[in-house]
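S.K.: generate coordinates for the sequence data below:
(one chain, ligands or ions: 1)
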Amino acid sequence: MRIPDIAAGAKVLALGHYQPAHVVTNDDLAKTMDTNDEWIQSRVGIKERRVAKDESVEDMATIAGGKALAASGLSPDDVDLVIVATCTLETQIPNAAAVVAHRLGIKSPGAFDVNAACAGFCYALATASAAVRGGAARNVLVIGAEKLSQWVDWTDRSTAVIFADGAGAAVVGPSETPGIGPVVWGSAGDKSEAIEVKDRDSFLHQEGQTVFRWATTALHPVALEACARAGVDPSELAAFVPHQANLRIVEAIARKLGADKAVVARDIVHAGNTSAASIPLALSRMVERGEVSSGGLALVLGFGAGLTYAGQVIEIP
Ligand code: UT7
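M.R.: You can find the predicted model right below:
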């Protein structure tokens, strides 16, 4: 048996994102349910969100993935693995990854979806990094894409004001030096009922306070451990990009992390909570706005249903 030449490291080569054009403001929601702009902004931090009208998860994933691929300078032939992190597909079969790969002209890649809910992108990124370093793939297209609007009860104010739609993508390829740090991942299955879609006739249900308490107490040690495993002090971080679940959670973890120089992603204000899409969407928009520089270090941290979590330090492309 022979082991193929393996890459010394893996890194994110490029990013891309897509948001539906349709904007839904808090005042729009207040017209159809008992809520108001003041409550939503003070409790969740959202001013507006994007909701897909005609776009499917696969449509949004294809556009975000195509942009990341174009920005990487690679051709579809250079990609041999596609991973889509999603938990909101309309149908169970087929997976999104094979459909998206076909639409992008990527011929016969490995293709699978990851369902780790809002932590999905970080799980997929860790898997892509391992595949490149282990010789299982040369370049990997990793996409987080969600259409939560089709799983939310639009008369339930406890979820309808929070969740939204969108997609973000990263191309992961080989590198001389490590550009994706070791992942810290785990789960708390004892709380699996805190976020669930019980069956095919049900909508998403969330025990908000249970998840809020967990997120604000259990996750900063994960963030610190991801930094420690990468040999990075939080003070060296240029960006902190946690899952955009709730602005109060983002700020609570950021405070405990003590990453004083880091730009903290607050994408939720205009994008809402887009589950597995929120991290690549926020990071891609941050790079596009020029808020962070190429080569800087970003800590990404996903968490959500399962309950699952995962985080790692990455070099910004
Ligand atoms: O992305 C996956 C991971 N998910 C998360 O991390 C979510 C974590 N949880 C949260 O972000 C928060 O718990 C929520 C945003 C979901 C809810 O905020 P909260 O501060 O925990 O509010 P609550 O559920 O304790 O509700 C407080 C009050 C209640 O009224 P009473 O019983 O005090 O009279 C609710 O009925 O606010 C009421 N309420 C609302 N009022 C206006 C709940 N939703 C709304 C609403 N508008 N949309």
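S.K.: got the end-to-end distance for stretch 286-298?
M.R.: End-to-end distance for stretch 286-298: 11 Å, by C-alpha to C-alpha, to the nearest Å.
S.K.: how far off centre is that stretch?
M.R.: Distance of stretch 286-298 from the chain centroid (C-alpha atoms, centre = their mean, to the nearest Å) equals 17 Å.
S.K.: which positions within it qualify as buried?
M.R.: Using 16 or more other C-beta atoms under 10 Å as the test for burial, stretch 286-298 gives M286, V287, V292, G296, L297, A298. Heads up, the C-betas are built off the backbone N, CA and C, glycines and all.
S.K.: with stretch 40-47 instead?
M.R.: So, applying 16+ other C-beta under 10 Å, buried residues of stretch 40-47: I40, R43, V44, G45, I46, K47.
S.K.: need the max-distance pair from these.
M.R.: R43 and K47 (12.7 Å; C-beta to C-beta).
S.K.: for the residue in the stretch 201-317 of the chain that the ligand sits nearest to, what are its contacts?
M.R.: Nearest residue of the stretch 201-317 of the chain to the ligand (C-beta to the nearest ligand atom) works out as G208 at 2.8 Å. Listed by C-beta atoms under 8 Å, 6 or more residues apart in numbering, the contact partners of G208 are S158.
S.K.: what's the helix or strand where G66 lies packed up against?
M.R.: Counting by DSSP states H and E, the element that carries G66 is helix 57-72. Counting contacts by 3 or more C-beta pairs under 8 Å, 6 or more residues apart in numbering; DSSP states H and E, helix 57-72 packs against strand 9-18, strand 81-85, helix 96-103, strand 140-147, strand 165-175, helix 278-288.
S.K.: residues in this structure within reach of the ligand, list them.
M.R.: By the rule C-beta under 6 Å from any ligand atom, the part of the chain lying against the ligand is 35, 39-40, 43-44, 118, 157-158, 161-162, 195, 208-209, 211-212, 215, 245-246, 249, 273, 275, 304.
S.K.: which among the residues you listed count as buried?
M.R.: Judged by 16+ other C-beta under 10 Å, buried ones among these: 35, 40, 43-44, 118, 157, 161-162, 195, 211-212, 215, 245-246, 249, 273, 275, 304.
S.K.: next step: the residues you listed restricted to helices.
M.R.: Of those, the ones assigned to helices by DSSP state H are I40, R43, R157, V211, F212, A215, I249.
S.K.: surely F112 is within a strand?
M.R.: Yes: F112 forms part of a strand when assessed by DSSP: H, G, I helix; E, B strand; the rest coil.
S.K.: what is the neighbour count of D27?
M.R.: By the criterion of other C-beta atoms under 10 Å, D27 has 12 neighbours.
S.K.: how about the nearest residue to it, chain neighbours excluded?
M.R.: D37 (5.8 Å; C-beta to C-beta, 6 or more residues apart in numbering).
S.K.: what residues are up against the one you found?
M.R.: Counting by C-beta under 8 Å, 6+ apart, D37 makes contact with T25, N26, D27, A30, K47.
S.K.: wait, which of the residues you listed is closest to A259?
M.R.: Taking C-beta to C-beta as the measure, A259 lies nearest K47 of the contacts of D37, at 24.6 Å.
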